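J.: quick one, fold the following:
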Amino acid sequence: MEETKPRRVAALQLLKASPVPASPEISRPSFSCNVSFLIEIGAFVVRKTDINGKLVQFAWWALATIVFTLVVAIRIRLLGIPLERDEGEYAYAGQLILQGIPPYKLAYNMKFPGTYAAYAVIMSIFGQSIHAIHLGLLLLNAATIAVVFFLGRRLIGTTGGIAAAAMYGVLSVSPSVLGLAAHATNFVMLPVLAGALLLVTAQPATASQPSPQHEFLRLFASGFLFGTSALMKQPALLFACFAATYILWNDLHRRLAVNKILLRILIFGIGAVLPLGLTCLILWRAGVFDKFWFWTINYAWQYGGLVPLSQAPRIFFRSANEVIVTGWPIWILAGIGAIAGLRDQRMRASTLFLVGFLFFSGLAVCPGFYFRTHYFILVLPAVSLLAGAAISKFTQILEGRLILMRFIPLLVIAVALSVPILLDKKIFFEVPPNQACGLIYPDNPFLESVRIGAYLREHTEPGDTIAVLGSEPEIYFYSHRHSATGYIYTYGLMEPQQYAQQMQQEMIREIEGARPKYLISVAMGFSWLRRPDSEEAIFTWANEYMAQNYTAAGFVNIKPTETDYFFGDVPQSVETLKDYILLYRRNL
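T.: Alright, predicted model coming up:
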């Protein structure tokens with residue numbers, strides 16, 4: 001062993017000293033060639049990864065385009081669906097505004113007047129028709145979808161923003177939330193989301209961020225948008241509370257000075273209060289502030305206390321079940337997004353923002369404990385954004401994997417979006433608008449109101465008034481005639497609240513004083529919501545007053561499968577009589 005070692009060393013030295021000459025056919029690659037080869041491989045991999053990334057990104061944008069086009073196509077196909085009663089209220093009040101008549105003068109209601117003004121703007125641009133109002137809703141919904149995307153991109157990335165926008169578009173058109181109707185909740189969400197987008201970009205200035213003046217301007221503009229949302233519907237005030245809470249929490253987390261925190265909240269608060277302050281000033285100048293205060297504060301307080309707390313869970317779960325079942329995969333994704341986002345340090349701050357947004361959105365659904373399904377439109381953006389966070393997290397996990405695996409999130413969201421669309425495919429794609437109205441709103445005279453309004457418009461002069469004994473304000477809009485009474489709803493007259501009797505007497509005095517040319521008596525349960533303990537004076541008066549001063553001029557018999565219209569020739573009897581509307585013409 002001792003002798004072999006020197007020999008091996010010598011052999012190695014000899015080998016180094018006398019290298020084997022290279023063959024003319026085969027040359028040994030140099031070090032620089034090896035490096036170049038590795039660089040080429042690396043460049044190929046980068047190009048391959050870049051191509052795959054662009055392909056996936058293109059697929060996401062293609063999905064967004066398909067979904068958005070589908071939602072718009074559904075809304076366009078159903079533009080002519082008759083107005084329901086809330087839409088009729090907004091349309092009639094907007095019609096009055098365009099005539100120079102302020103809210104609460106000829107139409108009483110407990111809502112703030114923002115949605116009335118929004119309808120007036122829509123009708124001033126597109127005209128006073130059903131199609132015009134729903135076209136305005138289409139554009140409003142498209143703008144809201146866009147803001148959901150921008151907010152999602154800011155908080156959870158581009159992929160998450162695309163997913164959230166697509167899911168909101170599908171959820172917001174669903175009949176489960178009465179998404180085809182231009183409810184006030186739709187008008188609430190656009191300024192809320194725009195305000196939230198400004199809020200998350202209005203951070204304290206640094207060397208690389210905007211100046212303090214620019215920052216304060218964003219805060220003021222954000223507050224103004226949140227304040228504007230409250231003009232559409234009072235519960236939207238809770239979104240302003242969310243924004244103020246976020247500013248405080250975020251500023252404390254950044255360890256800002258107390259005076260800086262107070263200044264930022266003050267600037268936001270001034271912006272939030274300004275829309276309501278200006279509205280009160282305008283209504284005071286118009287001479288209707290007392291009516292505005294009574295209906296939106298005094299009566300609204302009574303209305304909000306009618307449902308006992310003990311009944312709230314039952315009502316909530318009934319409505320929530322209807323809403324969630326339609327889009328259950330998206331709601332599951334939202335839950336996953338909340339959990340995954342809170343566990344991910346990079347997504348935690350954004351997820352906390354969205355969870356807080358969802359919490360206050362849920363609170364905005366609760367006032368009065370009525371939990372009507374269209375109230376849930378207020379939570380759809382937060383749910384969609386949290387579901388987008390789940391998709392974003394899923395995409396991050398699969399990043400760098402095989403190209404086919406990176407398409408899995410696309411497949412997941414495609415399935416999630418297809419469920420609500422397929423569940424309502426009959427309404428979306430098969431039946432005409434009039435029939436769709438019957439499927440969404442059974443036992444309501446919304447389709448019949450169109451023809452009744454047309455008849456009244458043809459048989460009255462512009463200066464004539466009419467009165468609807470029931471809660472069908474859409475008839476006033478269709479007829480283009482003023483109501484003889486400000487009580488365009490009769491629900492308040494039937495409620496067990498302290499103003500019910502006063503309201504009935506005021507409605508009676510207004511009708512008798514105006515002497516309307518036509519009285520329309522709606523004998524349908526959903527138009528009155530009569531209770532066992534309701535005041536009965538209005539019915540006793542109506543029977544006597546119509547018998548003495550009016551003659552039957554029309555009869556609309558609403559049957560399960562069809563409606564019979566009798567104008568000018570009222571039959572003495574009919575085979576089936578359940579829900580009906582009688583038209584009375586004033587005696588000469």
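
J.: can you tell me the centre-most residue of this protein?
T.: Of all residues in the chain, the one closest to the mean position by Cα atoms, centre = their mean is residue 186, 3.7 Å from it.

J.: what's near enough to touch that one?
T.: 137, 140, 141, 144, 172, 377 (Cβ atoms under 8 Å, 6 or more residues apart in numbering). For glycine as for every other residue, the C-beta is placed from the backbone atoms N, C-alpha and C.

J.: before we move on, what about residue 64?
T.: By Cβ under 8 Å, 6+ apart, the contact list for residue 64 reads 149, 162, 165, 166.

J.: how about residue 354?
T.: Contact analysis of residue 354 by Cβ under 8 Å, 6+ apart lists 155, 337, 338, 341, 382, 385, 386, 389.

J.: burial measure for the closest residue to residue 176 other than its chain neighbours, as a count.
T.: Using Cβ to Cβ, 6 or more residues apart in numbering and skipping the chain neighbours, the partner closest in space to residue 176 is residue 326 (4.0 Å). If you count neighbours by other Cβ atoms under 10 Å, residue 326 ends up with 21.

J.: hmm, residue 427 and residue 326 touching each other?
T.: No - taking Cβ atoms under 8 Å as the definition, residue 326 is not a contact partner of residue 427, at 11.5 Å.

J.: helix or strand right after the host helix or strand of residue 69?
T.: Assigned by DSSP states H and E, residue 69 belongs to helix 31-77. Where DSSP H and E defines the elements, the next helix or strand beyond helix 31-77 is helix 85-98.

J.: buried residues in that next one?
T.: Applying a neighbour-count criterion of 16 or more other Cβ atoms under 10 Å, one finds 85-97 buried in helix 85-98.

J.: output the residues you listed in TSV, with pLDDT appended to each entry.
T.: As requested, the buried residues of helix 85-98 are exported to TSV (pLDDT from 0 to 100):
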residue	pLDDT
85	97
86	97
87	98
88	98
89	98
90	98
91	98
92	98
93	98
94	98
95	98
96	98
97	98
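
J.: residue 555: what secondary structure?
T.: Under the three-state scheme (DSSP: H, G, I helix; E, B strand; the rest coil), residue 555 adopts strand.

J.: list the contacts of it.
T.: Taking Cβ under 8 Å, 6+ apart, we find residue 555 in contact with 565, 566, 570, 571, 580, 581, 582, 583.

J.: how many neighbouring residues does the residue lying closest to the last one once chain neighbours are set aside have?
T.: Pointing back at residue 583 there. Nearest non-adjacent residue to residue 583, counting by Cβ to Cβ, 6+ apart: residue 554, 3.3 Å away. Neighbourhood size, residue 554 [other Cβ under 10 Å]: 22.

J.: pLDDT weak spots in this protein?
T.: For the chain, residues meeting the criterion pLDDT under 70 lie at 1-50, 52, 202-211.

J.: can you show me the helices along the stretch 201-350 of the chain?
T.: Using DSSP state H, counting those that start in this stretch, the helices of the stretch 201-350 of the chain run over 212-232, 237-253, 258-285, 289-293, 300-304, 312-326, 328-343, 345-365.

J.: pick the most deeply packed of those.
T.: helix 212-232 (a mean of 22; mean count of other Cβ atoms under 10 Å).

J.: tell me, how many residues neighbour residue 118?
T.: 22.

J.: ditto for the one 3 residues further on
T.: Around residue 121 sit 14 other residues, with neighbours defined as other Cβ under 10 Å.

J.: so how far is the helix or strand harbouring it from its chain's centroid?
T.: Using DSSP H and E, residue 121 maps to helix 114-126. Relative to the centre of its chain, helix 114-126 is centred 17 Å away, using Cα atoms, centre = their mean, to the nearest Å.

J.: likewise stretch 153-163?
T.: The chain centroid and the centroid of stretch 153-163 are separated by 19 Å, computed with Cα atoms, centre = their mean.

J.: between the contacts of residue 64, which sits nearest residue 415?
T.: When these are compared for distance to residue 415 (Cβ to Cβ), residue 166 wins out at 12.5 Å.

J.: would you confirm that the closest one contacts residue 413?
T.: Yes - assessed by Cβ under 8 Å, residue 166 is found in contact with residue 413 at 6.8 Å.

J.: the two - which one has more neighbours?
T.: residue 166 (31 against 27).

J.: and the more buried one, what does it touch?
T.: Residue 166 touches 63, 64, 67, 68, 413, 417, counting by Cβ under 8 Å, 6+ apart.

J.: how many degrees apart are the strand or helix carrying it and helix 328-343 in direction?
T.: Following DSSP H and E, one finds residue 166 within helix 158-172. If you take axes from the mean of the first three to the mean of the last three Cα atoms, to 10 degrees, helix 158-172 sits at 140 degrees to helix 328-343.

J.: tell me which residues touch residue 381, please.
T.: 144, 148, 151, 164, 168, 189, 192, 193, 357, 361.

J.: top of those by neighbour count?
T.: Using other Cβ under 10 Å as the neighbour criterion, residue 164 leads the contacts of residue 381 with 35 neighbours.

J.: report the contact partners of that one.
T.: When contacts are counted by Cβ under 8 Å, 6+ apart, residue 164 is found next to 148, 149, 151, 152, 156, 381, 384, 385, 387, 388.

J.: next, the buried residues of whatever helix or strand the fourth one lives in.
T.: The secondary structure element spanning residue 152 is helix 130-156 (assigned by DSSP H and E). Neighbour counts over helix 130-156 (16+ other Cβ under 10 Å) mark 130, 132-138, 140-141, 144-149, 151-156 as buried.

J.: between residue 166 and residue 413, which contacts overlap?
T.: Common neighbours of residue 166 and residue 413 (Cβ under 8 Å, 6+ apart) are residue 63.

J.: follow-up on the earlier one: any chance of the contacts of residue 166 in CSV, plus distance to residue 236?
T.: Shown next, in CSV, are these (distance: Cβ to Cβ, whole Å):
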residue, distance to residue 236
63, 31
64, 28
67, 27
68, 26
413, 29
417, 27
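
J.: need the max-distance pair from those residues.
T.: For the contacts of residue 166, the maximum inter-member distance is 13.6 Å, found between 68 and 413 (Cβ to Cβ).

J.: just checking, residue 228 touches residue 112?
T.: No - Residue 228 lies out of contact with residue 112 (Cβ under 8 Å); the separation is 10.3 Å.

J.: packing partners for the helix holding residue 121?
T.: Counting contacts by 3 or more Cβ pairs under 8 Å, 6 or more residues apart in numbering; DSSP states H and E, helix 114-126 is packed against helix 85-98, helix 130-156, helix 184-201, helix 212-232.

J.: CA atoms only: put it into CSV for me.
T.: Extracted in CSV, the C-alpha atoms of helix 114-126 (Å, rounded to 0.1, in the frame of the first residue of the first chain):
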residue,chain,number,x,y,z
GLY,A,114,-81.1,60.2,-3.2
THR,A,115,-82.7,57.4,-5.3
TYR,A,116,-85.4,59.8,-6.4
ALA,A,117,-82.8,62.1,-7.8
ALA,A,118,-80.9,59.2,-9.4
TYR,A,119,-84.0,58.1,-11.2
ALA,A,120,-84.7,61.7,-12.3
VAL,A,121,-81.1,61.8,-13.8
ILE,A,122,-81.7,58.5,-15.6
MET,A,123,-85.0,59.5,-17.0
SER,A,124,-83.7,63.0,-18.1
ILE,A,125,-81.1,61.1,-20.2
PHE,A,126,-83.0,58.1,-21.5
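
J.: next, the buried residues of that helix.
T.: Neighbour-count burial for helix 114-126 flags 114, 115, 116, 117, 118, 119, 120, 122, 123 (criterion: 16+ other Cβ under 10 Å).

J.: just to revisit the earlier point, out of the contacts of residue 64, the closest to residue 493 would be?
T.: Using Cβ to Cβ, residue 165 is the member of these that sits closest to residue 493, with 43.2 Å.
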